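Visitor: Got a sequence here, can you build the structure:
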Amino acid sequence: MKFQLKPTSAALILAGVALAFGQTASADVTVKIGSAAPLTGAIAHIGQDQADGAQLAVNEINKAGNLVIGGQKVILQLDSQDDAADPKTGTQVAQKLVDDGVVAVVGHLNSGVSIPASKIYSDNGVVQITPASTNPQYTLQGYKTTFRVIGTDAQQGPALAKYAQKLGIKKVAIVDDATAYGQGLADEYAKTAKAEGIQVVSRDATNDKATDFKAILTKIKAERPDAIFYGGMDATGGPFAKQAQQLAIKARIMSGDGVCTPDLSKLAGNATDGIICSIAGGDLSKMAGGAQFAKDLKAAFGHDPVVYSPSSYDAVHVIVDAMKRSNSITRAGILAAMPKTNYNGLTGNIQFDEHGDLKGASISLYKYVGGKMTLLDVLKM
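Guide: You can find the predicted model right below:
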């Protein structure tokens, strides 16, 4: 009998010895999958949602008890780390996960963290699947280890700009939080807005820790745009919208998936009404199994899905699918199987292009009515 697993733990070594002597291995093998997201700080609610989606998948797979690779039962363990949405912390977390022996990683959330962390994973042959980072540069670095299970800003930005044109918006002011995500999304929006004949009257930058936007907003008010595009997260996007309302700015606010959360109304109050935003994925209510997923997530972790729990749930299943197809729990085996992924998950069919980007990604557009997200449209890109 050929033993196809490469030992990465004492349990595996003992199992290999047993097989060498013609005995049947019965010990379970524990395999670590990494999870990296901001679990503290202003966007911890988004990061925890991402981590919980991955943990739910791990829990369900372990409960089923039928994951067998190379003749051995595999038990998954999620190694969940807090990257604090910080690039420096993120690279430290990446190195820790590598040192912990994870076979693959679900993360990170922020593009500005995923991009620098990706080199560490690449150097160590560890598959990295982000369920949240949308900056196109993440998968354009030439690394064979980078994958994502959502769309990109090169799809999300144009979708929002084309919708603005459809609404009859003629002039737009653009503000971003100077992160890889916020600036990258704003760049993509601006590019398409100009191509669609929309005048970009100004471009301003703030930062992802800002709380006071009145100086920028006062300047924008004088420019009288029809819309303001904000590239950033809900922790800053909420106060931004609220202060715009306080200054009696009538321009419609548009933004991307970082702002597009159920928590936005807690941060902006009734200033959320009329905001249009996007998510670089499908709408959970339209997914087969979406209602059950929401029920299971709440039962396990006490909260409704925020943004990225469905995609992180699928990322775990994609890793497990690669294990099954390669009949391996090694980093190399999983990596070798990833390009040929063809997995039907919660969020839909998952296949990757030559860069590791999701083929046939969806972009969902929403507006807020009475503080609640209301689906406008789902676009197939």
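Visitor: CA only for contacts and neighbour counts going forward, please
Guide: Will do.
Visitor: Any chance you could give me the helix or strand hosting Ser278 in PDB, C-alpha atoms only?
Guide: Counting by DSSP states H and E, the element that carries Ser278 is strand 276-279. The C-alpha trace of strand 276-279 is given here as PDB (Å, rounded to 0.1, in the frame of the first residue of the first chain):
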ATOM      1  CA  ILE A 276     -26.100  53.000  -2.900                       C
ATOM      2  CA  CYS A 277     -23.400  50.500  -2.400                       C
ATOM      3  CA  SER A 278     -22.100  47.200  -3.800                       C
ATOM      4  CA  ILE A 279     -20.800  43.800  -2.700                       C
END
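Visitor: contact partners of that strand?
Guide: If you take C-alpha atoms under 8 Å, 6 or more residues apart in numbering as the criterion, strand 276-279 is touched by 156, 160, 252-257, 259-260, 307, 363-368.
Visitor: model confidence over that strand, on average?
Guide: In this model, strand 276-279 has a mean pLDDT of 97.
Visitor: Check stretch 41-52 too.
Guide: 98.
Visitor: got it, and stretch 355-370?
Guide: The model assigns stretch 355-370 a mean pLDDT of 96.
Visitor: Buried residues, it. List them.
Guide: 355-368 (16 or more other C-alpha atoms under 10 Å).
Visitor: and what of stretch 49-61?
Guide: Residues Asp49, Gln50, Ala51, Asp52, Gly53, Ala54, Gln55, Leu56, Ala57, Val58, Asn59, Ile61 are the ones in stretch 49-61 that count as buried (16+ other C-alpha under 10 Å).
Visitor: Among those, which lie within strands?
Guide: Using DSSP state E to define strands, no part of the buried residues of stretch 49-61 is located there.
Visitor: Nearest to Glu188 among the residues you listed?
Guide: Nearest to Glu188 among these: Gln50, at 24.8 Å, using C-alpha to C-alpha.
Visitor: Give the other helices and strands that the helix or strand harbouring Ala299 contacts.
Guide: Assigned by DSSP H and E, Ala299 falls within helix 290-301. The helices and strands touching helix 290-301, judged by 3 or more C-alpha pairs under 8 Å, 6 or more residues apart in numbering; DSSP states H and E, are helix 44-64.
Visitor: Quick one: distance of the helix it packs on to the chain centre.
Guide: Offset of helix 44-64 from its chain centre (C-alpha atoms, centre = their mean, to the nearest Å): 13 Å.
Visitor: what does it contact?
Guide: 35-39, 67, 75-78, 80, 84, 106, 109, 131, 297, 300-301, 305-317.
Visitor: What subset of the residues you listed is buried?
Guide: The neighbour-count test (16+ other C-alpha under 10 Å) marks 35-39, 67, 75-78, 80, 84, 106, 109, 131, 297, 305-317 as buried among the contacts of helix 44-64.
Visitor: Just name the shakiest helix or strand of the chain by mean pLDDT.
Guide: Among the helices and strands of the chain, helix 10-20 carries the lowest confidence by mean pLDDT, DSSP states H and E, at a mean of 39.
Visitor: mean confidence score for stretch 282-301?
Guide: The average pLDDT within stretch 282-301 is 97.
Visitor: So which bits of that stretch are buried?
Guide: Gly282, Asp283, Leu284, Gly290, Phe293, Ala294, Asp296, Leu297.
Visitor: Angles on the backbone of Gln72, please.
Guide: Here is the backbone geometry of Gln72 (degrees, to the nearest 10): phi -120, psi 140.
Visitor: so what's the residue lying closest to it once chain neighbours are set aside up against?
Guide: Excluding its sequence neighbours, the residue lying closest to Gln72 (C-alpha to C-alpha, 6 or more residues apart in numbering) is Asp28, at 6.4 Å. The neighbours of Asp28, taking C-alpha under 8 Å, 6+ apart as the test, are Ala11, Gln72, Lys73, Val74, Ile75.
Visitor: ditto for Thr347
Guide: Gly281, Gly282, Leu284, Met287, Pro310, Ser311, Asp314.
Visitor: Can you convert these into JSON lines and add a column each for distance to Gly184?
Guide: Converted to JSON lines, the contacts of Thr347 look like this (distance: C-alpha to C-alpha, whole Å):
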{"residue": "Gly281", "distance to Gly184": "18"}
{"residue": "Gly282", "distance to Gly184": "21"}
{"residue": "Leu284", "distance to Gly184": "25"}
{"residue": "Met287", "distance to Gly184": "28"}
{"residue": "Pro310", "distance to Gly184": "24"}
{"residue": "Ser311", "distance to Gly184": "21"}
{"residue": "Asp314", "distance to Gly184": "25"}
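Visitor: So which of the residues you listed belong to helices?
Guide: Pro310, Ser311, Asp314 (DSSP state H).
Visitor: which residues of this protein fall in helices?
Guide: With helices called from DSSP H, the chain shows them at 10-20, 44-64, 87-100, 111-123, 153-166, 180-195, 214-223, 234-246, 264-268, 290-301, 309-326, 331-337.
Visitor: Would you indicate which residues of the fifth one are buried?
Guide: Yep, that's helix 153-166 we're talking about. Across helix 153-166, burial judged by 16+ other C-alpha under 10 Å covers Asp153, Ala154, Gln155, Gln156, Gly157, Pro158, Ala159, Leu160, Ala161, Lys162, Ala164, Gln165.
Visitor: where does that helix sit relative to the chain's centre, distance-wise?
Guide: Distance of helix 153-166 from its chain centroid, counting by C-alpha atoms, centre = their mean, is 19 Å.
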